[in-house]
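> attaching a predicted model along with its sequence, questions to come.
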Amino acid sequence: MTRTPTVSACLLTFRRAEVLARTIGDLLNQTYSDFELVINDDCSPDGTASVCSEFARMDSRVRYFRNERNLRYAGNQNAAVARARGKYVAFLHDGDRYAPQLLERWVAAMEAFPTAGLVFNAVNVLDRDGNIARSHDHGYKPSTAGLDFYDHMLSSLSSPIFGIAMARRDVLLGSGPFDETLPTLADIDMWFRLLQRADVAYVPERLYSIYPREVDHPNARVNWAIRDELARIYRTACDRRHSRRCPAWRQARRHVDAALLKADARDFAVSLAKFRWGTAIAGVPSFFRRHLAAE
């Protein structure tokens with residue numbers, strides 16, 4: 001009988017065959033060895049299948065799956081969870097670079113803090129030449145109470161937990177699936193749900209580096225559909241945290257609504273300054289939905 005690994009390292013990939021090999025190489029070179037690498041290919045139209053199949057042939061830790069149709073990010077995350085067998089489920093992205101100690105540090109943090117349902121770390125952001133453009137050294141404690149961190153996340157629209165993190169599988173399953181009506185930002189919604197059930201661990205080392213996404217990536221420019229998702233997530237998080245209409249709820253909603261309005265105004269200004277008239281005009285209907293029709 002095949003032994004169940006402690007960690008299921010779930011690599012989510014779509015249409016990045018040219019850079020995928022370096023990411024897989026980083027993950028197979030981890031100092032922590034008790035893991036499976038579950039590659040979740042979201043029906044890529046390029047040579048992803050060939051790259052992954054070759055690694056699976058060479059290393060028994062690699063399990064390669066190709067979705068029959070494109071499920072988008074949230075759907076691919078759910079497919080990854082369904083395929084994972086480990087005590088811990090790590091979510092990793094194609095094209096990024098990972099330090100050899102990543103899984104080792106994550107597992108150590110989760111073992112040190114049994115009440116933690118989620119662990120994340122400091123991170124580098126690279127430019128297109130591979131140089132460090134900026135870093136996120138958050139300065140958090142090694143462990144923080146889940147609801148305290150939940151409130152901290154509500155204080156800003158910029159989630160300090162990116163899509164690359166590791167969760168305790170039983171807490172993850174108990175929180176329900178990733179919301180597939182949030183195809184791009186479902187991970188942020190999931191982090192809120194996990195924080196309702198468990199604490200969060202933090203590793204201060206920069207254990208991975210994010211490469212810039214393609215010029216046609218949905219996040220590369222102002223994207224009003226993504227802004228709609230963000231508004232839904234943060235307003236729903238207010239509703240989950242507080243009884244509706246109570247003073248704490250009103251305060252949280254006022255803060256979130258003000259932050260959303262400020263972000264929208266900034267993006268409209270950027271679109272106009274860069275003469276992206278179509279983008280600015282396209283944002284008007286969603287702007288009214290987010291601000292004038294919101295409760």
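Happy to help now that I have it. Quick caveat, the model's predicted, so the values are computed rather than measured.
> C-alpha from now on. contacts and neighbour counts both.
Noted.
> in its sheet, what does the host helix or strand of Val119 sit against?
Taking DSSP states H and E as the criterion, Val119 maps to strand 116-126. In the sheet, strand 116-126 lines up against strand 132-136 (antiparallel), strand 165-168 (antiparallel), strand 199-210 (parallel) (DSSP bridges).
> do a quick rundown of the helices in the stretch 1-150 of the chain.
17-28, 48-58, 72-83, 102-112, 146-154 (DSSP state H, counting those that start in this stretch).
> Ala225: how many residues sit nearby?
16 (other CA atoms under 10 Å).
> now the one 5 residues further on
Using other CA under 10 Å, the number of residues around Leu230 comes to 21.
> deepest-packed of the helices of the stretch 1-150 of the chain, please.
Stretch with highest mean neighbour count among those: helix 72-83 (a mean of 20; mean count of other CA atoms under 10 Å).
> coming back round to it: so which of the strands paired with strand 116-126 is nearest Asn29?
strand 199-210 (13.4 Å; CA to CA).
> now do the closest one and helix 17-28, the angle between them.
Put simply, strand 199-210 runs at 130 degrees to helix 17-28, going by axes from the mean of the first three to the mean of the last three CA atoms, to 10 degrees.
> which outside residues touch stretch 167-174?
Residues outside stretch 167-174 that contact it (CA atoms under 8 Å, 6 or more residues apart in numbering): Gly86, Lys87, Tyr88, Val89, Ala90, Ala116, Gly117, Leu118, Val119, Leu194, Arg197, Ala198.
> which residues touch the fifth one?
By CA under 8 Å, 6+ apart, the residues touching Ala90 are Val7, Ser8, Ala9, Cys10, Ile164, Ala165, Met166, Ala167.
> nearest to Gly146 among those residues?
Ala167 (13.0 Å).
> any idea what that closest one is bridged to?
Bridge pairing for Ala167 - DSSP bridges - gives Val89, Leu118.
> quick revisit: tell me which of the strands paired with strand 116-126 sits most buried.
strand 165-168 (a mean of 23).
> hmm, back to that, and the contacts of stretch 167-174, which two are furthest apart?
Going by CA to CA, the pair spanning those furthest: Gly86 and Arg197, at 19.5 Å.
> returning to that earlier point: let me have the contacts of Ala90 in a markdown table, adding distance to Arg232 and pLDDT as columns.
Putting the contacts of Ala90 into a markdown table (distance: CA to CA, whole Å; pLDDT from 0 to 100) gives the following:
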| residue | distance to Arg232 | pLDDT |
| --- | --- | --- |
| Val7 | 32 | 98 |
| Ser8 | 30 | 98 |
| Ala9 | 29 | 98 |
| Cys10 | 26 | 98 |
| Ile164 | 21 | 97 |
| Ala165 | 22 | 98 |
| Met166 | 24 | 98 |
| Ala167 | 23 | 98 |
